[in-house]
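Q: Next input, structure requested:
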Amino acid sequence: NPLIVIDPHRNVTAMMGNVVLPSAFTGIESEGTAYRIDDVPLPLKKVVDPPEGILRDEVILERILQKVKEIKGSQKTRTVKCKTASVPA
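A: The predicted model follows:
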């Protein structure tokens, strides 16, 4: 199975990935939420803009989901449009 990694920097996991998608640093280049060990949420604010073309994890995942839905939808459409070959008796 392929390993797909979404991470803001190269690390051991990213080096093992078959596909590596760079993302913005949460709490630096994008807002988000971190959780303390006792499950208390800590809101994080964006401090600087990410480099051009670098997206938040959420945006990357939304785009992947959108593409999967498009592909699945087009497969259903193709299946419906397929005709069965008629065989003479």
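Q: Buried ones in the lowest-mean-pLDDT helix or strand in the chain, by neighbour count?
A: Counting by mean pLDDT, DSSP states H and E, the chain has its least confident helix or strand at helix 57-81, which shows a mean of 83. Applying a neighbour-count criterion of 16 or more other CB atoms under 10 Å, one finds Asp57, Ile60 buried in helix 57-81. Any C-beta I mention is one placed from the backbone N, CA and C, and that applies to glycine too.
Q: got the contact list for it?
A: Contact partners of helix 57-81, identified using CB atoms under 8 Å, 6 or more residues apart in numbering, comprise Ile6, Leu21, Ser23, Ala24, Thr26, Ser30, Leu55.
Q: Any buried residues in stretch 17-27, and which?
A: Of the residues in stretch 17-27, those buried under the neighbour-count criterion (16+ other CB under 10 Å) are Gly17, Val20, Leu21, Pro22, Ser23, Ala24, Phe25, Thr26, Gly27.
Q: ditto for stretch 50-58
A: Counting neighbours by 16+ other CB under 10 Å, stretch 50-58 gives Pro50, Ile54, Leu55, Arg56, Asp57 as buried.
Q: go on, stretch 26-34?
A: Buried residues in stretch 26-34, defined by neighbour count with 16+ other CB under 10 Å: Thr26, Gly27, Glu29, Ser30, Gly32.
Q: Show me what the first one is bridged to.
A: Residues in a beta bridge with Thr26, per DSSP bridges, are Ser30.
Q: Enumerate every residue touching it.
A: With contact set as CB under 8 Å, 6+ apart, Thr26 has these partners: Pro8, Gly32, Ala34, Leu44, Arg56, Asp57.
Q: list the contacts for the third one?
A: This means Ala34. For Ala34, the contact set (CB under 8 Å, 6+ apart) comprises Thr26, Gly27, Pro41, Leu42, Leu44.
Q: quick revisit: compile the buried residues of stretch 17-27 into TSV and extend it with columns for distance to Ser74 and pLDDT.
A: Converted to TSV, the buried residues of stretch 17-27 look like this (distance: CB to CB, whole Å; pLDDT from 0 to 100):
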residue	distance to Ser74	pLDDT
Gly17	27	95
Val20	27	95
Leu21	23	96
Pro22	28	96
Ser23	27	97
Ala24	30	97
Phe25	35	96
Thr26	33	94
Gly27	38	94
